[in-house]
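[1] take a look and give me a structure for this.
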Amino acid sequence: MRWINFSAEGRTAYGILEGDRVVETRGDLFGDWERTGRTHALADVKIEVPLIPRTFYCAGLNYVSHLKEAADKRGEVPSVPDRPEIGYRAQNALIAHDEDVVIPRDATEKVHYEGELVVVIGTKARHLSEADALSCVFGYSIGNDVSERTWQKNDRTFWRSKNTDTFKPMGPWIETDVDLESLHTTVRLNGEPRTRFRTNDMLFGVARFISTMTRYLTLWPGDVMWMGTDGASPDLKAGDVVEVEISGIGTLRNRFVAEA
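    Numbering: from 1, shown residues only. From the prediction side, this is the model:
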């Protein structure tokens, strides 16, 4: 099932995407809901961010080749993590499919994309085994973890390099019927494929992260986890359009513009 958060006719609601039609629903996305009987053409609605997460988690350095490329650029020997570790991002940075990523006036040319699988938590979870970990997952979406690398290198935290307004496109919807092993990620720049990888070729998979995290913290419905990326990004500039496609889920598209 493909859940979409959308605006139409002056209202914002959730719906189920069936072909090119949105079947509007009411109720709790993670609980009881029903169809309203209203439908909309997908072309006639504005797609919104799938949800504003309760807590916004992110995995870093979760693909070997991405890790090695980052180390090579620093002139270092890559250090492969021996355990999954999680970080956090800011809700203010979230934007929807087809909304613009704004490059700040004082940013350097080192603005990069990172196409990522997004995990949406659907039930409260604590002390889950790895075998049971996926039982708390509601579905999956797509994220583009935009980064300003000069700031990332020089600042003591990632407060602006990762969390500047508009630096976290997410969407276009949540897909609940996903086979992780079959997924492939393709990132296109201005229509040209630039990065391709098997989405599930992670150092530590979704189940391992959830199991590790729930030893120490409670996951709640509406939490999201971004699972990291593979490959490297070229330097992005105003006018570029980045599309992150994950097979079986969809395509997230955003244009990059200069701050006015």
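[2] any stretches of the stretch 101-250 of the chain with poor pLDDT?
    Across the stretch 101-250 of the chain, nothing is flagged by pLDDT under 70.
[3] now residue 84. Nearest residue, chain neighbours left out?
    residue 204 (3.9 Å; CB to CB, 6 or more residues apart in numbering). Where C-beta positions appear, they are placed from N, C-alpha and C, glycine not excepted.
[4] that neighbour is in what secondary structure piece?
    Here residue 204 sits in a region with no helix or strand, counting by DSSP states H and E.
[5] separation between it and residue 86?
    Distance of residue 204 to residue 86, given as CB to CB, to the nearest Å: 10 Å.
[6] overlap in contacts, the two.
    residue 59 (CB atoms under 8 Å, 6 or more residues apart in numbering).
[7] more neighbours, those two?
    Shown here are residue 204 and residue 86; by other CB atoms under 10 Å, residue 204 has more neighbours (18 against 15).
[8] show me where the stretch 1-150 of the chain has strands.
    Counting by DSSP state E, counting those that start in this stretch, one finds strands in the stretch 1-150 of the chain at the ranges 2-8, 11-18, 21-27, 33-41, 46-47, 56-59, 86-88, 94-95, 101-103, 111-112, 115-121, 137-144, 147-148.
[9] make a markdown table out of those and add distance to residue 197.
    As requested, the strands of the stretch 1-150 of the chain are exported to a markdown table (distance: least, CB to CB, whole Å):
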| stretch | distance to residue 197 |
| --- | --- |
| strand 2-8 | 23 |
| strand 11-18 | 26 |
| strand 21-27 | 31 |
| strand 33-41 | 34 |
| strand 46-47 | 25 |
| strand 56-59 | 15 |
| strand 86-88 | 21 |
| strand 94-95 | 24 |
| strand 101-103 | 22 |
| strand 111-112 | 16 |
| strand 115-121 | 9 |
| strand 137-144 | 14 |
| strand 147-148 | 18 |
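[10] nearest to residue 78, of those?
    strand 56-59 (16.8 Å; CB to CB).
[11] which residue sits farthest out from the middle of this structure?
    residue 37 (30.4 Å; CA atoms, centre = their mean).
[12] please name the bridge partners of the closest residue to that one other than its chain neighbours.
    Once flanking residues are discounted, residue 37 sits nearest to residue 24: 7.8 Å by CB to CB, 6+ apart. According to DSSP bridges, the partner residues bridging residue 24 are residue 15.
[13] skipping adjacent residues, who's closest to residue 61 in space?
    Per CB to CB, 6+ apart, closest to residue 61 is residue 67, 4.8 Å.
[14] if I look at the one you found, how far off is residue 60?
    9 Å.
[15] and the closest residue to residue 249 other than its chain neighbours, how far from residue 139?
    Distances taken as CB to CB, 6+ apart put residue 175 closest to residue 249, at 4.6 Å, once the chain neighbours are dropped. Residue 175 is 6 Å from residue 139, where distance means CB to CB.
[16] now do the shared contacts for the two.
    Counting by CB under 8 Å, 6+ apart, the residues touching both residue 175 and residue 139 are 1, 3.
[17] tell me how many other residues crowd the residue nearest to residue 61.
    Residue 67 - counted by other CB under 10 Å - has 19 other residues nearby.
[18] next: residue 35.
    Residue 35: 13 neighbours (other CB under 10 Å).
[19] what do you get for residue 169?
    Residue 169: 27 surrounding residues under other CB under 10 Å.
[20] list the buried residues of whichever strand or helix holds it.
    Here residue 169 sits within strand 168-175, counting by DSSP H and E. Within strand 168-175, the residues that count as buried by 16 or more other CB atoms under 10 Å are 168, 169, 170, 171, 172, 173, 174, 175.
[21] can you check stretch 94-101 too?
    94, 95, 96, 97, 99, 101.
[22] from what I see, the fifth one and residue 169 are in contact.
    Yes - at 7.0 Å, residue 99 and residue 169 qualify as touching, with contact defined as CB atoms under 8 Å.
[23] what sits in contact with each of the two?
    residue 254.
[24] can you give me the end-to-end distance of stretch 232-247?
    This stretch, stretch 232-247, spans 20 Å end to end (CA to CA, to the nearest Å).
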